[in-house]
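[1] This is a predicted model, with the sequence first.
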Amino acid sequence: HEQKSSGVNINTLQSLVCQNRPGSKQGWSGAQFLLSVRMLFFLIGLEVVLICVEVVRAERNLLVISVATEETDGYKRFQRSCQVHSLPLRTLGMGQVWQGGDMNYPGGGWKVNLLKEEMKKLKDKKDTLVMFTDSYDVIIAAGKDAILDQYDKMAASILFGAENFCWPDVGLKTKYPELKTGMRFLNSGGFIGPANLLYQMLVDGGEIKNTDDDQLFYTKIYLDNELKSKYKIKLDHKAELFQNLNGEQENIELRFAGNEPFVQNLVYNSMPKVIHGNGPSKLFLSTLGNYIAESWNLEDGCLECWDNRLEMENLVEVPKVVMAIFIEKPTPFMEEFWQKIDNLVYDKSSIDLFIHNGVEFHKTEVSNFVNDNTEKYHTIEVIGHEVNEKEWHVRNLAVQKCVDIKCDFLFVIDSDAHLDNAHALKLFIEQNRAVVAPMLIRPYTAWSNFWGGLSSDGYYARSFDYMEIVNNNRRGLWNVPFISSCYLISGTIIHNPSTRPSYVHKLLDPDMALSANIRSKDIFLHVTNRLNFGHLVNNEDFPTTHLHNELWEIERNRYDWELRYLHANYSSNLATDAKLDMPCPDVYWFPMFTEKFADEFVAEAEHYGKWSDGSSEDKRLDGGYEAVPTRDIHMNQIGFDEEWLYLLDFYVRPLQESVFVGYFHKPPRSLMNFMVRYKPDEQPFLKPHHDSSTYTINIALNRVGVDYQGGGCRFLRYDCQVTETKIGWMFMHPGRLTHYHEGLYVTEGTRYIMISFVDP
């Protein structure tokens with residue numbers, strides 16, 4: 001029989017020996033031949049041993065036994081990890097009332113009694129190995145062969161996991177053998193051994209009350225030298241099979257072998273097969289669990305995402321949804337927010353809309369949305385700012401509404417969450433998880449609506465994969481400790497009083513309270529970035545003192561500012577092959593802003609209303625004198641100077657560098673940034689002049705031929721004029737020496753332009 005497990009081909013070696021027997025042409029000496037024959041027989045014997053080992057291993061059964069009373073998300077994760085590795089699982093206590101006491105304290109003796117009763121059925125099974133583990137906080141990360149390989153290497157009959165904490169009786173610490181290296185103390189969250197020996201060990205351990213501590217029970221057996229020797233009990237000091245995570249998070253790393261993830265203990269260079277999130281390490285287990293047990297890999301991405309999905313078209317009825325919208329602080333870009341709510345692709349008659357507006361500033365737009373959409377939704381309920389309810393209370397009212405109408409889902413959307421994907425609600429329902437949130441970030445930042453980890457005091461901590469997820473380098477469905485702003489909660493946990501979400505938990509804010517309460521029920525909080533679902537706006541300290549406050553959000557909410565105000569073709573100006581408009585020599589024309597920007601910008605100036613009188617005397621200037629005066633408003637008068645300088649640097653400077661090659665000045669300086677108003681009965685034109693600038697920009701803010709007649713700019717040196725200006729477009733020209741110019745007559749209406757003298 002030809003075996004290759006040792007790396008030696010026996011037939012090849014046999015042929016070689018025969019060809020080189022004494023007397024052949026290339027024959028060896030007698031001593032060489034005899035040595036070769038002995039080696040041949042040794043290798044044949046080794047192969048026979050290996051074959052026998054394989055046969056014995058094939059005959060051995062491995063049974064996983066655990067205890068669980070409810071099919072929580074933690075249990076389902078454990079169950080799945082057994083299934084993907086084809087490990088038979090026997091769960092004890094399912095559906096029963098937990099009798100092991102409060103597991104926040106010593107307890108769990110009921111697990112021992114359940115196991116002892118079950119092992120009695122297996123007491124004669126010498127060839128059955130039983131691996132007992134906890135369930136809610138355990139993930140199996142390997143299959144039968146890998147587990148048995150490691151078990152055999154440990155040279156123990158019964159092997160327990162180990163940890164660095166002597167719990168629950170620290171007084172037993174001195175009774176443990178001293179170690180030079182390795183974890184010293186027994187942990188009962190995972191152990192393995194032959195069924196017959198485990199049963200005998202449990203019997204010899206004596207009686208235990210259901211509420212006594214299970215780990216203390218096993219500790220006493222291990223510390224009894226007679227029992228320890230009788231059952232050849234060892235601890236897995238270097239986490240080669242069982243990894244208990246408590247206190248070891250800094251020593252654990254997720255790595256990849258090719259595409260496949262695995263857990264590595266960096267201290268002992270081991271690759272544990274059973275990962276136990278004991279004590280406060282459960283959140284770290286959840287992070288690892290997003291990858292191991294065939295949940296995610298580098299090639300296929302998220303595998304677990306496809307488990308238990310729904311298809312909306314296969315449902316008999318459209319699920320009933322309570323969509324709860326919360327406006328708890330003044331928020332920019334609410335016009336777009338409401339449009340995206342309206343754009344959601346879902347049967348609106350199956351949605352009961354619940355709105356809490358805690359801000360007077362948004363009263364009118366809420367009222368307008370309700371009036372425009374009353375007929376679309378099944379019902380609409382609004383709690384306004386006048387009621388003066390606490391945020392946690394109105395959020396709990398939304399949960400209660402879901403209970404009252406027997407909804408299928410509660411869909412929470414805060415005002416800072418913009419759902420750019422119109423199919424978002426449908427996709428969240430199809431994901432079929434108890435709680436699922438879209439990953440939303442503030443664009444160009446790492447700020448998101450989820451936390452990858454928690455600090456020891458329960459606040460934000462960054463998980464090792466947070467940036468990979470936020471940057472969409474890894475896409476999938478992620479079990480995380482905290483979500484906010486937008487999420488879907490299944491009615492299955494809302495209608496069960498024992499799992500019903502609440503926004504009250506100690507003194508935590510409502511979002512943190514909700515997450516803490518849901519986690520405490522062993523319900524997972526999932527965030528998904530399988531697709532792009534939307535983004536967050538920054539509504540921290542949003543000023544509401546202007547007529548059009550979003551104009552001031554150019555830095556804080558640049559993404560939304562650009563969508564509303566930046567011309568759709570702006571970026572085409574910067575393409576390497578761009579064909580730029582040049583209506584006059586060295587006068588370049590660029591699409592810059594939307595009509596909405598121009599309209600709101602002009603409205604903001606007119607709302608301020610303090611236009612200069614057009615005389616040369618100007619107290620706004622350092623010298624108090626203007627040689628070429630206009631009727632204008634300076635940006636510093638309306639508090640827009642910083643924003644305008646940012647605009648010059650971020651949007652105008654790149655255009656200048658592309659057309660006036662070789663001139664570079666970052667950031668641009670501009671002391672004169674002003675909006676000019678031309679009217680026939682006020683100031684209809686501007687006399688010829690040079691600008692006090694290296695270059696000047698001139699932006700049209702309304703429409704020639706519609707809002708006014710006439711107007712434009714004439715460059716005298718070239719006898720060239722620009723009269724057919726376009727709203728939102730900017731022309732740029734050198735300021736000194738070459739481009740002597742004048743403002744042409746406005747014969748009717750009012751013309752508005754925005755001027756900057758850059759780098760005077």
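    Right, received. Where do you want to start? Residues are numbered from 1 along each chain as shown.
[2] how about the strands in the stretch 601-750 of the chain?
    Assigned by DSSP state E, counting those that start in this stretch, the stretch 601-750 of the chain shows strands spanning 632-634, 672-678, 686-689, 695-700, 708-710, 713-715, 720-722, 729-734, 741-743, 746-749.
[3] Could you export those as CSV, including mean pLDDT?
    Listed next are these as CSV, based on pLDDT from 0 to 100:
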stretch, mean pLDDT
strand 632-634, 97
strand 672-678, 97
strand 686-689, 96
strand 695-700, 98
strand 708-710, 98
strand 713-715, 97
strand 720-722, 96
strand 729-734, 97
strand 741-743, 96
strand 746-749, 98
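[4] Make JSON lines out of those strands and add distance to K228 and mean neighbour count.
    In this view, the C-beta of every residue, glycine as well, is placed from N, C-alpha and C. Shown next, in JSON lines, are these (distance: least, C-beta to C-beta, whole Å; neighbours: other C-beta atoms under 10 Å):
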{"stretch": "strand 632-634", "distance to K228": "87", "mean neighbour count": "21"}
{"stretch": "strand 672-678", "distance to K228": "83", "mean neighbour count": "22"}
{"stretch": "strand 686-689", "distance to K228": "99", "mean neighbour count": "13"}
{"stretch": "strand 695-700", "distance to K228": "85", "mean neighbour count": "24"}
{"stretch": "strand 708-710", "distance to K228": "97", "mean neighbour count": "17"}
{"stretch": "strand 713-715", "distance to K228": "96", "mean neighbour count": "20"}
{"stretch": "strand 720-722", "distance to K228": "95", "mean neighbour count": "17"}
{"stretch": "strand 729-734", "distance to K228": "84", "mean neighbour count": "22"}
{"stretch": "strand 741-743", "distance to K228": "98", "mean neighbour count": "22"}
{"stretch": "strand 746-749", "distance to K228": "99", "mean neighbour count": "16"}
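[5] looking at those, which is closest to S350?
    strand 729-734 (46.0 Å; C-beta to C-beta).
[6] The closest one versus strand 695-700: what angle between them?
    Here the directions of strand 729-734 and strand 695-700 differ by 160 degrees (axes from the mean of the first three to the mean of the last three C-alpha atoms, to 10 degrees).
[7] element containing V394, please.
    helix 391-404 (DSSP states H and E).
[8] List the buried residues in that helix.
    391-392, 394-399, 401-402 (16 or more other C-beta atoms under 10 Å).
[9] Tell me which of the strands of the stretch 601-750 of the chain lies nearest to L283.
    Nearest of the strands of the stretch 601-750 of the chain to L283, taken as C-beta to C-beta: strand 672-678 at 50.9 Å.
[10] Run me through the strand neighbours of the closest one, direction for each.
    Applying DSSP bridges, strand 672-678 is found paired with strand 632-634 (antiparallel), strand 751-758 (antiparallel).
[11] circling back: what's the helix or strand following the helix holding V394 in contact with?
    Using DSSP H and E, the helix or strand that follows helix 391-404 towards the C-terminus is strand 409-414. In this structure, residues lying in contact with strand 409-414 by C-beta atoms under 8 Å, 6 or more residues apart in numbering are 319-328, 341, 395, 398-399, 402, 419, 425, 428-429, 484-491, 494.
[12] Convert strand 409-414 to PDB, retaining C-alpha atoms only.
    Extracted in PDB, the C-alpha atoms of strand 409-414 (Å, rounded to 0.1, in the frame of the first residue of the first chain):
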ATOM      1  CA  PHE A 409     -40.500  46.200  12.300                       C
ATOM      2  CA  LEU A 410     -39.500  49.500  13.900                       C
ATOM      3  CA  PHE A 411     -37.400  51.600  11.600                       C
ATOM      4  CA  VAL A 412     -35.700  54.500  13.400                       C
ATOM      5  CA  ILE A 413     -34.200  57.400  11.500                       C
ATOM      6  CA  ASP A 414     -32.600  60.400  13.200                       C
END
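[13] Packing partners of the next helix or strand after that strand?
    Counting by DSSP H and E, the next helix or strand C-terminal to strand 409-414 is strand 417-419. Contacts defined by 3 or more C-beta pairs under 8 Å, 6 or more residues apart in numbering; DSSP states H and E place strand 417-419 against helix 334-343, strand 534-536.
[14] and the ones you listed as a markdown table, adding mean pLDDT and mean neighbour count?
    What follows is these, written out as a markdown table (pLDDT from 0 to 100; neighbours: other C-beta atoms under 10 Å):
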| stretch | mean pLDDT | mean neighbour count |
| --- | --- | --- |
| helix 334-343 | 98 | 16 |
| strand 534-536 | 98 | 21 |
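[15] Export the ones you listed to JSON lines and append columns for distance to T379.
    Converted to JSON lines, the helices and strands packed on strand 417-419 look like this (distance: least, C-beta to C-beta, whole Å):
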{"stretch": "helix 334-343", "distance to T379": "16"}
{"stretch": "strand 534-536", "distance to T379": "25"}
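[16] closest to T750 out of these?
    Here helix 334-343 is closest among those (C-beta to C-beta), at 26.0 Å.
[17] which non-adjacent residue is nearest E118?
    Of all residues not flanking E118 in the chain, L92 sits nearest, at 5.8 Å (C-beta to C-beta, 6 or more residues apart in numbering).
[18] longest strand in this protein, by residue count?
    Under DSSP state E, the strand in the chain containing the largest number of residues is strand 185-194.
[19] Could you say which of the strands paired with strand 672-678 is packed most deeply?
    Mean neighbour count (mean count of other C-beta atoms under 10 Å) peaks for strand 751-758 among the strands paired with strand 672-678, with a mean of 22.
[20] quick one: it to chain centroid distance?
    Averaging C-alpha coordinates over strand 751-758 and over its chain gives two centres that are 43 Å apart (C-alpha atoms, centre = their mean, to the nearest Å).
[21] among the helices and strands packed on strand 417-419, which is nearest L159?
    Among these, the nearest to L159 by C-beta to C-beta is strand 534-536 (48.8 Å).
[22] list the buried ones in stretch 238-247?
    Neighbour-count burial for stretch 238-247, counted by 16+ other C-beta under 10 Å, picks out 238-246.
[23] Keep only those of the residues you listed that are in strands.
    Using DSSP E, the members of those that fall in strands are 242-244.
[24] Tell me where this structure is predicted with low confidence.
    For the chain, the stretches with pLDDT under 70 are 1-58.
[25] swap the cut-off to 50 and go again
    Residues of the chain meeting the criterion pLDDT under 50: 1-8, 10, 12-14, 16-17, 25, 48-53, 55.
[26] if we can go back for a sec, in TSV: the ones in strands among the buried residues of stretch 238-247, plus distance to R442.
    Formatted as TSV, these follow (distance: C-beta to C-beta, whole Å):
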residue	distance to R442
F242	42
Q243	36
N244	38
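[27] Help me confirm that L536 comes into contact with T445.
    No: counting by C-beta atoms under 8 Å, L536 stays clear of T445, with 9.1 Å between them.
[28] Show the contacting residues for M271.
    Residues near M271 by C-beta under 8 Å, 6+ apart: 240, 262-265.
[29] let's see 7 Å
    262-264 (C-beta atoms under 7 Å, 6 or more residues apart in numbering).
[30] Equivalent analysis for P272, please.
    Per C-beta under 7 Å, 6+ apart, neighbours of P272: 239-243, 263, 265.
[31] and if you look at K273?
    Neighbouring residues of K273 by C-beta under 7 Å, 6+ apart: 141-142, 146-147, 150, 241.
[32] For the buried ones among those, write the corresponding PyMOL selection.
    Entered in PyMOL, the line below selects the buried ones among the contacts of K273, by 16+ other C-beta under 10 Å:
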select buried, resi 141+142+147+150+241
